[in-house]
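Asks: I need the structure of the sequence given here:
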Amino acid sequence: LVDELKTRRSSQRMATLTLPMQINFEKSEGGGTSLGALASGKKALLLDFWATWCGPCVKAIPEYLEAVNGFDSERVRFVGVNQSESAQVIAEFLKRRDWKFDVALDQNGSVGASYGVTGIPHTVVVDGEGKIAWVHTGYTPDGAAALKEVIEGLLAE
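Replies: Numbers count the residues shown, from 1 in each chain. All right, here's what the predicted structure looks like:
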């Protein structure tokens, strides 16, 4: 699965790939959760792999948040999957920017490895069954528009 993720082009629809729903995350506020719990009842789960030191990540996040905020939060969820930073560093960073979104911690890179992350930002949209609908690596000015289009497609299904 990871090899197939790596060989697919960025921004490509991948509905043929399904991730195991038991992939586990540590939440920044403590405790744990799984992909299944995050996706439960959602039509679209956006996982954005990022770090506070990543300039392209910091540029993409507000654009993605704006794109996602137009959708019903009962059907669409944004989760920032932070790569290897402490909960305290993340909390201070989010507070300075007044950003509010769910953050999962990927302290050892195992979650990122499950998604074929080789660079950040790396954005994955998963449907409620764990099927990968879209993957994009890097920042592009039209990334939020493409993301919105993918989510609209999932909601229409």
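Asks: contacting residues for the residue most central in space within the chain?
Replies: If you average the C-alpha coordinates of the chain and look for the closest C-alpha using C-alpha atoms, centre = their mean, you land on residue 47, 1.1 Å from that point. The neighbours of residue 47, taking C-beta atoms under 8 Å, 6 or more residues apart in numbering as the test, are 79, 81, 104, 115, 123, 124, 125, 126. For the C-beta atoms, the positions are set from N, CA and C on the backbone; glycine is no exception.
Asks: hang on, it in a strand?
Replies: Yes: under DSSP: H, G, I helix; E, B strand; the rest coil, residue 47 falls within a strand.
Asks: let me know the pLDDT of it.
Replies: For residue 47, the pLDDT comes out at 90.
Asks: may I have the beta-bridge partners of it?
Replies: residue 79, residue 124 (DSSP bridges).
Asks: by mean pLDDT, which helix or strand of this protein comes out lowest?
Replies: Confidence across the helices and strands of the chain bottoms out at helix 2-7, with a mean of 46, counting by mean pLDDT, DSSP states H and E.
Asks: tell me how many other residues crowd residue 32.
Replies: Counted by other C-beta atoms under 10 Å, the residues lying close to residue 32 total 11.
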